[in-house]
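[1] When you get a sec, could you give me coordinates for this:
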Amino acid sequence: MVYNFTIVHPFVLADNRHYTFYIVHRFITRTENSRMQLVPIYHFSCYVIYKMFKQNEVKHLTSKVVYHAFLACTLISVCLSPLFEPRYYILPVIFYRLLTSTSDRPFLGLPLLRKYNVGIRLVLEVFWSWFWTQAIYIIFLQFTFEWDDLPDLQRIIW
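    You can find the predicted model right below:
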């Protein structure tokens with residue numbers, strides 16, 4: 001299914017100013033079998049999402065109907081699009097975050113941190129987002145290249 005239905009839009013392959021160009025070239029179409037090598041990552045991601053929904057303390061938010069509706073909407077919006085764009089993932093990530101709660105289990109297995117566990121996890125999540133935002137800014141500001149048909153320097157963007 002992954003091998004036959006992974007469609008890479010010509011626009012993604014044509015414009016090297018976008019992150020998606022480099023992701024597609026370096027990971028998805030690198031070799032003949034590279035898209036098949038991503039299948040374990042797809043399965044692991046689905047498993048983690050399922051476990052997060054199942055462990056949620058607010059049961060009416062994570063019923064089987066809500067989980068399957070989330071899964072169906074995510075598959076429709078992300079998998080059926082021939083373009084690979086980060087903006088397509090914004091709504092699934094927001095809904096995932098709204099529908100799952102932060103675990104209150106001890107962080108790193110340390111019962112001492114149980115009191116601050118939710119706060120620690122949320123701070124780590126904010127740091128994770130901040131880290132990737134800074135990485136994107138650095139790539140945008142540091143890496144430039146020229147095109148023959150445009151006089152200005154080009155930068156890598158979303």
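
[2] Break the chain into its domains for me.
    1-101, 103-158 (automatic domain parsing).

[3] Of those, which stretch is the most buried?
    Using mean count of other C-beta atoms under 10 Å, the stretch among those with the largest mean neighbour count is domain 1-101, at a mean of 13. Just so you know, the C-beta spots here come from the backbone N, C-alpha and C atoms, and that holds for glycine as well.

[4] Work out the gap between that domain and the centre of the chain.
    7 Å (C-alpha atoms, centre = their mean, to the nearest Å).

[5] before we move on, back to that, CSV for the domains of the chain, including mean pLDDT?
    Converted to CSV, the domains of the chain look like this (pLDDT from 0 to 100):
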stretch, mean pLDDT
domain 1-101, 81
domain 103-158, 81
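
[6] Give me the distance between the lengthiest helix in the chain and the centre of its chain.
    Secondary structure assigned by DSSP state H gives helix 117-142 as the longest helix of the chain. From the chain centre to the centre of helix 117-142 is a distance of 14 Å (C-alpha atoms, centre = their mean).

[7] before we move on, what about stretch 149-158?
    25 Å.

[8] what do you get for stretch 145-158?
    Distance, centroid of stretch 145-158 to centroid of chain: 26 Å (C-alpha atoms, centre = their mean).

[9] ends of it, how far apart?
    Chord length of stretch 145-158, first to last residue, is 16 Å (C-alpha to C-alpha, to the nearest Å).

[10] Any chance you could list what contacts that stretch?
    16-19, 22, 85-87, 136, 139-141, 143-144 (C-beta atoms under 8 Å, 6 or more residues apart in numbering).
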